[in-house]
Each structure stands twice: as C-alpha cells, then as structure tokens.
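A.B. asks: Sharing a sequence plus its predicted fold:
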Amino acid sequence: MSDHLLGFHYRFVAGEGKDTLLLLHGTGGDESDLLQLGRALWPAANLLGVRGRVLEHGMPRFFRRLGPGVFDEADLTQRTHELADFIRAAADLHRLDSERIDAVGYSNGANIAASLLLLEPGVLRRAVLFRAMLPLQPKTVPDLHGTAAFVAAGRGDPQIPAEGTQALVELLSASGAEVTVHWVDGGHGLSQEELPPVRAWLAGSGMK
Ligand code: MLT
C-alpha cells in the first residue's frame, strides 16, 4: 500500500538500522519498482520508494523532457526542490536520520538524484547513479565535500551518451564529491554482476 505526502506517492519499508535508501525509478516505473533492488543492495536499510509526479504518455517520471536526453531545465529545477522537500518531510514523519539518506536511482531516477546532488547539496549523503548523465549545468558549483557517488554506466547504452555520464563525473568530482565510476559492457538495462560492487561500496565508502 502506498502512502501520500506533499503530492508524492511513496512506500516506506522500515529496516533495522539508521540508514535509509531513497529509491528513484526509471521512466514508467513507480514507488515499488526498486524495493527489491534496495533490499538486495542493503538488507538492513530503511527503504523509501517514491513515484515521480510527471506523466509522459501515462508513464511516471521525475521531470519533463523535451526529447530523448533533452531536459526541461526549469521543470527539472522545480521538481528537484519539490523532491528535496518531500525527502525532508518523509524523514520527519518516519523519524529518519536525515544525515544518513542515500539515493539509489535508475535512469530518469538517477538523473534527478544527480540533480539533487547539484541543486540541494546536503540532502543526500551518497548516491548510486545507475545510467545517469549530467542533467543540467548548475548556476554555481555546489560544495559536495563529504558526499559520495557511485556512477554505474553501460558502454553500449543507447539512451545515456558516454559524454553525458563523463560530464556528470567531472562536475561531481570538481565539486569535491568522492566519485567511483563503474563501466560495464552492457546497455541501458542493469545486470546482476553490477550489484556486488555497489553493495560493497554502500557497506564501506563515505560512511560517517
Ligand atoms: C531521462 O529522461 O532522464 C533519461 O533520458 C533516461 C530515461 O528516462 O530514458
């Protein structure tokens, strides 16, 4: 059963620890999509799955796009701040430690997670970005010291150009984030063999 907060449909599954995984789906997904992945990546974490509020031909997304890989930056900016407000409100409601929230995003969800890092530094402690690209150029370079990102990219991804991923990695690094990049030979879809390095990274990297 989904809950509703600040206009977002979401699901919260309590874990055993103080850490929370914010789960952000790809185009056409919903708040339940990544629950299983989140549990596989981190068995003890609280899981917070949220549904994007934009519809593209009936498919939920986190922000509008004008064409493939061409984003409506004004919409993306507004939606990023709305999502940050949702995260703060959900943390309050479910008594989560707001300094221990890590995002796991796939595709469109990874792109808004990247935007959260760039426009709302401090909301996420870390982010796992599966198939992400630089979603927008922020007006000022954020200070991301103390933040970490794992960028998992497919060399043959037809939807996410390698230059877009590279541009994201460069900007995050220039902002002071600790960035780990993992390229696989696959395309846009995830493969099982990508998961162990992410699991290991979540268990160790950037933990306070
Ligand atoms: C996006 O629109 O965020 C990316 O092109 C990925 C996608 O959702 O296909």
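C.D. replies: Yep, that arrived.
A.B. asks: any bit of the biggest helix by length in the chain sitting next to the ligand?
C.D. replies: What stands out as the longest helix in the chain, according to DSSP state H, is helix 73-93. No - shown here: helix 73-93 not in contact with the ligand (CB under 6 Å from any ligand atom), separated by at least 9.1 Å. Where you see a C-beta, it was placed from the backbone N, CA and C, and this is true even at glycine.
A.B. asks: what sits up against that helix?
C.D. replies: For helix 73-93, contacts defined as CB atoms under 8 Å, 6 or more residues apart in numbering pick out 5-8, 10, 12, 20, 22, 48, 50, 52-54, 62-64, 96-98, 101, 112, 115-116, 119-120, 123, 135-136.
A.B. asks: now, which of these lie within helices?
C.D. replies: Filtering the contacts of helix 73-93 for helices - DSSP H - leaves 112, 115-116, 119.
A.B. asks: neighbour-wise, which of those leads?
C.D. replies: Using other CB atoms under 10 Å as the neighbour test, the ones in helices among the contacts of helix 73-93 are led by Ser115, with 27 neighbours.
A.B. asks: who does the helix or strand containing Gly164 touch, helix- and strand-wise?
C.D. replies: For Gly164, the element it lies in under DSSP states H and E is helix 162-174. Under the contact criterion of 3 or more CB pairs under 8 Å, 6 or more residues apart in numbering; DSSP states H and E, helix 162-174 touches helix 108-119, strand 148-154, strand 178-184.
A.B. asks: Make TSV from those and add distance to the ligand to it.
C.D. replies: Below are the helices and strands packed on helix 162-174 laid out as TSV (distance: least, CB to the nearest ligand atom, whole Å):
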stretch	distance to the ligand
helix 108-119	3
strand 148-154	12
strand 178-184	17
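A.B. asks: need the ones you listed in TSV with mean pLDDT, can you?
C.D. replies: TSV is the format used below for the helices and strands packed on helix 162-174 (pLDDT from 0 to 100):
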stretch	mean pLDDT
helix 108-119	98
strand 148-154	98
strand 178-184	97
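A.B. asks: What is the burial count for the closest residue to Gln137 other than its chain neighbours?
C.D. replies: Spatial nearest neighbour of Gln137, excluding adjacent residues (CB to CB, 6 or more residues apart in numbering): Leu171 at 7.9 Å. Leu171 has 20 neighbouring residues, counting by other CB under 10 Å.
A.B. asks: same thing with Ala162?
C.D. replies: 14.
A.B. asks: Help me confirm that Glu56 comes into contact with Phe63.
C.D. replies: No - applying CB atoms under 8 Å as the test, Glu56 and Phe63 come out as separate, 10.0 Å apart.
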